[in-house]
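Participant: Need a 3D model of the following:
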Amino acid sequence: MDAVNSIIEVQYALDTFYFLMCAALVMWMAAGFAMLESGLVRSKNTTEILTKNIALYSVASIVYMFMGYNVMYPGEGVNSFWSGVSFFLGGDNTVEDVLASDGDIYYSNLSDFMFQVVFAAAAMSIVSGAVAERMKLWSFLLFAVVMTAFIYPLQAYWSWGGGFLSELGYSDYAGSGIVHMTGAVAALAAVIVLGPRKGKYGADGKINALPGANLPLATLGTFILWMGWFGFNGGSELVVSDVSSANNVAMVFVNTNLAAAGGSVVALMFAKMLYGKADLTMALNGALAGLVAITADPLSPSPGLAVIVGGIGGIIVVLSIIGLDKLKIDDPVGAISVHGTAGIWGVLAVLLSNGEATLSAQLIGIVSIFAFVFIMSLIFWVIIKAIMGIRVSEEEEMEGLDITECGMEAYPDFQPASK
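Facilitator: So this is what the prediction gives:
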C-alpha cells in the first residue's frame, strides 16, 4: 500500500508541476497579446493598449478567483461558490483535501485553477485589440469583470464543466470555440456598439489604411503567442505522467507547431496573390489563425492534416479581414477574424480526424456559444454605454489615448502623440 501511495504522490507531483508550467506558458501569452496589439496600433495609442493588457489580466485573475471558476465548475468542496471563496482565502493545499482524481489522473485543484484562469484572461485579451484606439479604458475594464465572472465561465461550463454541450458530445479539446470564438464574439458585439475609428472609412466607401507603429513588436508578439500555445494546447492533455499521455502531449506539440506554420505560409502566399506583395501582417495573422484552428483538436490529426487545417485557417483569416472591412467592422488587429472566423473553422475541422465527433453536436456548440456570448455581451456593452459611455470624444481620439487616458507617451523621444 505504501508503494502504491508513493506512486500516486509522484504522479501527483509530476502532473501538478506540468499543469503549472503549462499555465505559465499560457500566462506568457498575455505578453504576446500586449506586444502584438501595441505593434499594430498607432504610436499615440501604445501606452493605453499596454495598460489595458496588464490591467485586464489582473482583473481577470481576481474576478475569476472569486466567481468565474466556481461558475465554470459548480459542485461541492472547492468548486462550490462559498466553499471556493473560503478555500482561496485561507484553505490548505494538501494531497488529502485537494486531490482531484479521474481514474488514474491526479493533480492539484490549485494547479487546475491556475490553468483555467489564464484561459479566461486570454478570452478577454482578444477583445482588447478589436476595440483599440477609441474605447474608454475604464469601460473596457468594467466589461472585463463581467466577461471573466459570468459570460466566459458560464458557456465554458456547458462543455468543460459537465453541462449540456458535454452531454451532447460537443468536442473542443482546448477551446477554439470555448475560448477563442467567445472572445471574438464579445469583441464583435463591442465593435458594433462602438463604431469604427475616425478616418477608417471614407464617405465614398473607401477603406483607409491606419498602419501600426511597430511591426517588429507585432512580430515578437506573434512568436510569443506561438510559444505560449504549446502550453495552451499541451496543458489541455491535463497529465503527462504515463506513456500514453506523454505521447499525446508530443503529438499535440507537433500539430500545434505545424498548424501555425501552415497558416502563416498559406496566408503569406494568398496575400501575395491578392496584392502582389508579401504582407507581413497577413503572415502574422495567418500563423495565429492556424493556431486557433488546430486548438479544437490538436491530438487526433496526423501532422500532415494539421498543416492543412492551419493552412485553411490562413486563407479564411485573410478573406475574413477583407470581408469585415467591407462591412465597415473596424478591427485594428484582426482579432475577430483570427479568433472568431478561424475558431469556427477549428470546431468544424474536428470532424476531419475525430470519429467520435458529430456535425450536429459541433454546429449546436457553435450556435449556442455564439448566440449566448453575442447577446449577453451586446446587452452589457449597451448598459455600460448608457451608464458611463464607452467611446472617447473625437478630440481625444485624434490626440491619442496615451495622453488623454494615461497621461504619458510610449515614444516621447520620437514625436508628439498628437502627430
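Participant: Give the other helices and strands that the helix or strand hosting residue 156 contacts.
Facilitator: Per DSSP states H and E: residue 156 is located in helix 152-160. For helix 152-160, the elements it packs on are helix 69-72, helix 109-130, helix 164-168, helix 182-194, helix 359-388, judged by 3 or more CB pairs under 8 Å, 6 or more residues apart in numbering; DSSP states H and E. C-betas here are computed from N, CA, C, even on glycine.
Participant: Please save the CA atoms from that helix in PDB.
Facilitator: Extracted in PDB, the C-alpha atoms of helix 152-160 (Å, rounded to 0.1, in the frame of the first residue of the first chain):
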ATOM      1  CA  TYR A 152     -16.900  33.200 -20.300                       C
ATOM      2  CA  PRO A 153     -17.200  30.700 -17.400                       C
ATOM      3  CA  LEU A 154     -20.900  30.000 -17.900                       C
ATOM      4  CA  GLN A 155     -20.600  29.000 -21.600                       C
ATOM      5  CA  ALA A 156     -17.400  27.100 -20.700                       C
ATOM      6  CA  TYR A 157     -19.300  25.200 -18.100                       C
ATOM      7  CA  TRP A 158     -21.600  23.800 -20.800                       C
ATOM      8  CA  SER A 159     -18.600  22.000 -22.300                       C
ATOM      9  CA  TRP A 160     -15.900  21.600 -19.700                       C
END
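Participant: Quick one: closest of the helices and strands packed on helix 152-160 to residue 28.
Facilitator: Proximity to residue 28, assessed across these by CB to CB, is greatest for helix 109-130 (9.1 Å).
Participant: As a check, name the ranges of all strands in this structure.
Facilitator: Secondary structure of the chain (DSSP state E): strands at 99-102, 105-108.
Participant: so for the last one, what's the average pLDDT?
Facilitator: Mean pLDDT, computed over strand 105-108, is 60.
Participant: can you start the count at 748 instead of 1 from here on
Facilitator: Yep, numbering from 748; the last one is strand 852-855 now.
Participant: what about residue 1146, neighbour count?
Facilitator: By other CB atoms under 10 Å, 17 other residues sit near residue 1146.
Participant: same thing with the one 5 residues further on?
Facilitator: Applying other CB under 10 Å, we find 21 other residues in the vicinity of residue 1151.
Participant: same thing with residue 991?
Facilitator: Neighbour count for residue 991, taken as other CB under 10 Å: 9.
Participant: again with residue 805
Facilitator: Neighbourhood size, residue 805 [other CB under 10 Å]: 14.
Participant: For it, give its distance to residue 754.
Facilitator: Going from residue 805 to residue 754 by CB to CB, to the nearest Å gives 39 Å.
Participant: Now do the buried residues in the lengthiest helix in the chain.
Facilitator: Secondary structure assigned by DSSP state H gives helix 749-787 as the longest helix of the chain. Using 16 or more other CB atoms under 10 Å as the burial criterion, the residues of helix 749-787 that qualify are 755, 758-759, 761-763, 765-767, 769-770, 772-774, 776-787.
Participant: So which elements touch it?
Facilitator: Counting by 3+ CB pairs under 8 Å, 6+ apart, helix 749-787 packs on helix 793-810, strand 852-855, helix 856-877, helix 962-981.
Participant: Identify the residue spatially nearest to residue 1064, adjacent ones excluded.
Facilitator: With CB to CB, 6 or more residues apart in numbering as the measure, residue 1036 is the residue that lies nearest to residue 1064, at 3.7 Å, once sequence neighbours are left out.
Participant: how much space between the one you found and residue 1042?
Facilitator: Here the distance between residue 1036 and residue 1042 works out to 11 Å (CB to CB).
Participant: same thing with residue 1071?
Facilitator: As judged by CB to CB, residue 1071 and residue 1042 stand 21 Å apart.
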